[in-house]
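K.L.:
Got a sequence here, can you build the structure:
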Amino acid sequence: MNVNPEELAPPRGFSHATVAGNTVWVGGQIGSDASGQVVEPGDMVAQCARAIRNVAIALRAAGFEPEDTVKLTYYVTDIQAYRDNRRDIGAAYRESFRSDYPASTLVEVRSLVDPNALIEIDAVAVRRA
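P.N.:
Here you go, the predicted structure:
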């Protein structure tokens with residue numbers, strides 16, 4: 001079952017989340033608003049916060065909670081900017097997710113589909129029994 005909440009950008013050629021049984025895969029979420037626009041270009045912290053919230057929105061729309069997340073993958077275009085802002089990014093993370101972190105991967109990439117995006121986050125969650 002594909003899930004595309006109205007609070008997220010209109011899906012074009014993708015789904016925001018796909019549920020199979022007790023597992024959901026959340027497609028990459030950038031720091032965009034409901035129209036799909038990155039509204040804080042150049043601001044790593046603001047984009048991270050918005051991308052994290054977008055992941056949480058997709059999870060909840062699929063019937064899961066952020067606490068069900070077992071894996072996060074972060075793709076950033078500037079790893080030094082991410083490192084320089086870890087404290088504020090961590091605070092933004094804790095606003096939507098728990099403080100005990102799931103398995104995570106952080107990868108620096110040359111660019112993302114939206115040229116204004118500095119970060120993209122995807123997730124896997126498993127519904128707890």
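K.L.:
in the chain, which segments are predicted with low confidence?
P.N.:
Within the chain, no range satisfies pLDDT under 70.
K.L.:
which residues in it form strands?
P.N.:
2-3, 17-20, 23-30, 69-76, 103-108, 119-126 (DSSP state E).
K.L.:
can you put those strands in a markdown table and add mean neighbour count?
P.N.:
Using the backbone N, CA and C atoms, a C-beta is placed for each residue, glycine as well. What follows is those, written out as a markdown table (neighbours: other Cβ atoms under 10 Å):
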| stretch | mean neighbour count |
| --- | --- |
| strand 2-3 | 16 |
| strand 17-20 | 17 |
| strand 23-30 | 21 |
| strand 69-76 | 18 |
| strand 103-108 | 12 |
| strand 119-126 | 22 |
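K.L.:
would you turn those into TSV with distance to residue 48?
P.N.:
Listed next are the strands of the chain as TSV, based on distance: least, Cβ to Cβ, whole Å:
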stretch	distance to residue 48
strand 2-3	22
strand 17-20	19
strand 23-30	10
strand 69-76	8
strand 103-108	11
strand 119-126	5
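K.L.:
wait, which of those is closest to residue 41?
P.N.:
strand 23-30 (11.3 Å; Cβ to Cβ).
K.L.:
Figure out how far that closest one is from the centre of its chain.
P.N.:
7 Å (Cα atoms, centre = their mean, to the nearest Å).
K.L.:
same for it, what does it pack against?
P.N.:
Under the contact definition 3 or more Cβ pairs under 8 Å, 6 or more residues apart in numbering; DSSP states H and E, strand 23-30 sits against strand 17-20, helix 44-61, strand 119-126.
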